[in-house]
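*Asks:* A predicted structure for the sequence below; I have some questions about it.
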Amino acid sequence: MSAREGALAGGCRSWPFKESPAESIFAPRTLPGDSLHDWPTGAGPASVCVGDKTYVVAFRPLLPGEQP
């Protein structure tokens, strides 16, 4: 997961994970793939709301040989 502060058109989703997107602004974090079944992955980011902040988050799978 990588994140940046910002918003996308169409509103935002609530953030259900314990990991904060703010922690992924400077360094990407890993999340279990099975927890992302209804989230966009790859090139399609999502806009999420956490408190009074809005983030654009992107989820992509680890590539073969890539370490989390």
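*Replies:* Happy to help now that I have it. Residues are numbered from 1 along each chain as shown.
*Asks:* could you pull out the strands for the chain?
*Replies:* Assigned by DSSP state E, the chain shows strands spanning 2-5, 13-14, 46-50, 53-58.
*Asks:* which residues sit against the helix or strand bottoming out on mean pLDDT in the chain?
*Replies:* Taking mean pLDDT, DSSP states H and E as the measure, strand 13-14 is the helix or strand of the chain with the lowest mean score, a mean of 92. Strand 13-14 has contacts (CB atoms under 8 Å, 6 or more residues apart in numbering) with Ala46, Ser47, Val48, Cys49. Heads up, the C-betas are built off the backbone N, CA and C, glycines and all.
*Asks:* Which residues are in contact with the first one?
*Replies:* Yep, that's Ala46 we're talking about. Contacts here follow CB under 8 Å, 6+ apart; on that basis Ala46 touches Leu8, Arg13, Trp39, Pro40, Val56, Val57, Ala58, Phe59.
*Asks:* Tabulate these (CSV), appending distance to Leu31 and neighbour count.
*Replies:* Converted to CSV, the contacts of Ala46 look like this (distance: CB to CB, whole Å; neighbours: other CB atoms under 10 Å):
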residue, distance to Leu31, neighbour count
Leu8, 19, 14
Arg13, 15, 14
Trp39, 9, 18
Pro40, 13, 13
Val56, 16, 17
Val57, 10, 23
Ala58, 12, 18
Phe59, 7, 19
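*Asks:* what's the burial count for Gln67?
*Replies:* Using other CB atoms under 10 Å, Gln67 has 5 other residues around it.
*Asks:* Done for today, thanks.
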